[in-house]
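>>> structure of the sequence below:
(one chain, ligands or ions: 1)
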Amino acid sequence: MKHGQSMEFNFKQDNFEEFYHIGEPIGSGQFAVVRKCKLKETNVEYAAKFIKRKRTKSSRRGLSIEDIQREVSILSAIDHENIVKLYDVYENKSEVILVLELVCGGELFQFLAEREKVNEDEAVEFLKQILEGVRHLHEHSIVHLDLKPENLMLLGQNSTRLKIIDFGLSRKLDEGVEVKDITGTPEFVAPEIVNYDPLCTATDMWSIGVITYILLSGCSPFLGDDKQETLANISAVDFSFDCEDFANTSLLAKNFIQGLLLRNPNERATVYDCLRHPWIRPVKESQAQC
Ligand SMILES: COc1cc(-c2ccc3ncc(-c4cccc([C@@H](O)NCCN(C)C)c4)n3n2)ccc1O
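Numbers count the residues shown, from 1 in each chain. Now for the predicted structure:
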């Protein structure tokens with residue numbers, strides 16, 4: 001597959017169970033369940049995302065084939081070590097089944113929950129992987145729009161290698177086509193989502209700012225007592241580093257977060273700015289420019 005060229009997937013009409021053993025459920029989304037599965041021919045394990053199809057256009061249950069094709073088209077256009085891979089697609093009357101790279105180290109969220117927070121060196125190692133994966137997306141004019149710890153998964157039980165999953169809200173930014181009215185999880189959405197303004201790559205960068213804040217403190221910067229309060233805090237960009245958990249956090253780390261949690265998307269650090277930020281890529285003595 002050439003760089004940037006979508007690998008077109010013809011949705012296979014074969015009976016999925018003829019080729020795969022279906023295993024236990026490992027996760028779920030609104031109209032989807034993710035199960036382990038094993039290819040009979042090779043015994044290799046995969047993740048299978050079973051997506052319920054709308055039966056009629058007016059149905060409120062299930063996803064339209066257009067929404068499903070959008071995720072397949074996006075997943076098939078990307079190939080990066082920090083983004084989950086799509087291998088095959090099957091369909092029947094009621095479901096579309098995405099055969100994906102199995103990521104079985106659990107959600108970064110769980111890793112964090114067991115540790116409450118991580119030290120700055122560990123946070124930087126996770127963030128470098130997130131930024132490299134998001135750089136690949138943004139270079140292909142793709143925005144994820146649902147970046148949060150639950151969608152950042154560790155490859156294996158004792159691995160700190162990270163994969164971005166769940167492209168159900170992701171979009172290709174086509175020239176001159178405004179992307180609006182998409183809502184991820186309130187805690188992580190940018191002000192432009194709250195205000196129904198056009199979305200862009202900077203929308204993902206805001207979420208990375210929220211994820212970094214949580215990684216370093218275990219606190220969520222805009223979380224209110226309810227959804228309305230959370231969205232009001234986001235719209236007002238009302239956050240601080242007062243949380244006692246920031247007492248020992250470096251100024252560079254706070255500067256990194258402040259460069260992302262800015263109301264104006266045009267002022268926010270890009271993924272390139274973040275990869276060059278001295279907190280992420282410290283300038284070694286020998287490299288110091290005189
Ligand atoms: C849920 O949607 C997707 C899941 C995946 C995916 C790929 C490989 C893989 N290995 C393990 C899992 C997995 C394991 C536990 C939970 C989940 C998922 O359901 N949780 C994501 C949370 N999201 C729904 C907020 C997914 N996955 N999920 C890929 C694309 C998706 O759109």
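>>> rest of the way, CA atoms for contacts and neighbours
Noted.
>>> the residue positioned nearest the centre of the chain in helix, strand or coil?
The chain has residue 147 as the residue nearest its centroid, 3.5 Å off, counting by Cα atoms, centre = their mean. State at residue 147, reduced to three classes by DSSP: H, G, I helix; E, B strand; the rest coil: coil.
>>> look up phi and psi at residue 32.
In terms of degrees, to the nearest 10, the main-chain angles of residue 32 are phi -150, psi 150.
>>> per-residue confidence at the residue nearest to the centre of the chain?
Per-residue pLDDT puts residue 147 at 97.
>>> may I have the phi/psi pair for it?
Main-chain dihedrals, residue 147, degrees, to the nearest 10: phi -70, psi 120.
>>> that one touches residue 209, doesn't it?
No. In this structure residue 147 lies outside contact range of residue 209 using Cα atoms under 8 Å: 10.4 Å.
>>> what mean pLDDT would you report for stretch 238-245?
Here stretch 238-245 scores 87 as its mean pLDDT.
>>> report the separation between the two terminal residues of it.
18 Å (Cα to Cα, to the nearest Å).
>>> then stretch 12-31?
In stretch 12-31, first residue to last residue: 20 Å (Cα to Cα).
>>> surely residue 100 meets residue 45?
No. At 9.5 Å, residue 100 does not count as touching residue 45 under the criterion of Cα under 8 Å.
>>> now for the helix or strand of the chain at the bottom of the mean pLDDT ranking, which elements pack on it?
Least confident helix or strand, the chain: helix 108-115 with a mean of 81, by mean pLDDT, DSSP states H and E. On a contact count with 3 or more Cα pairs under 8 Å, 6 or more residues apart in numbering; DSSP states H and E, helix 108-115 meets strand 152-154.
>>> now do the helices in the stretch 1-150 of the chain.
Along the stretch 1-150 of the chain, counting by DSSP state H, counting those that start in this stretch, helices occupy 16-19, 65-77, 108-115, 120-139.
>>> and of the ones you listed, who's closest to the ligand?
Of all the helices of the stretch 1-150 of the chain, it is helix 65-77 that lies closest to the ligand, at 7.2 Å by Cα to the nearest ligand atom.
>>> tell me how far the closest one lies from the chain's centre.
Helix 65-77 sits 15 Å away from the centroid of its parent chain (Cα atoms, centre = their mean, to the nearest Å).
>>> could I get the buried residue list for that helix?
Neighbour counts using 16 or more other Cα atoms under 10 Å place 68, 70-77 of helix 65-77 among the buried residues.
>>> go on, stretch 105-125?
Neighbour-count burial for stretch 105-125 flags 105-109, 111-112, 117-118, 120, 123-124 (criterion: 16+ other Cα under 10 Å).
>>> what are the contacting residues of that stretch?
Around stretch 105-125, the neighbours that count as contacts under Cα atoms under 8 Å, 6 or more residues apart in numbering are 149-159, 212, 214-218, 249, 253, 279-280.
>>> related to what we said a few turns ago, could I get the buried residues of helix 65-77 as a markdown table with pLDDT and distance to the ligand?
A markdown table is the format used below for these (pLDDT from 0 to 100; distance: Cα to the nearest ligand atom, whole Å):
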| residue | pLDDT | distance to the ligand |
| --- | --- | --- |
| 68 | 96 | 9 |
| 70 | 94 | 11 |
| 71 | 96 | 7 |
| 72 | 97 | 9 |
| 73 | 96 | 12 |
| 74 | 96 | 10 |
| 75 | 97 | 8 |
| 76 | 96 | 11 |
| 77 | 95 | 14 |
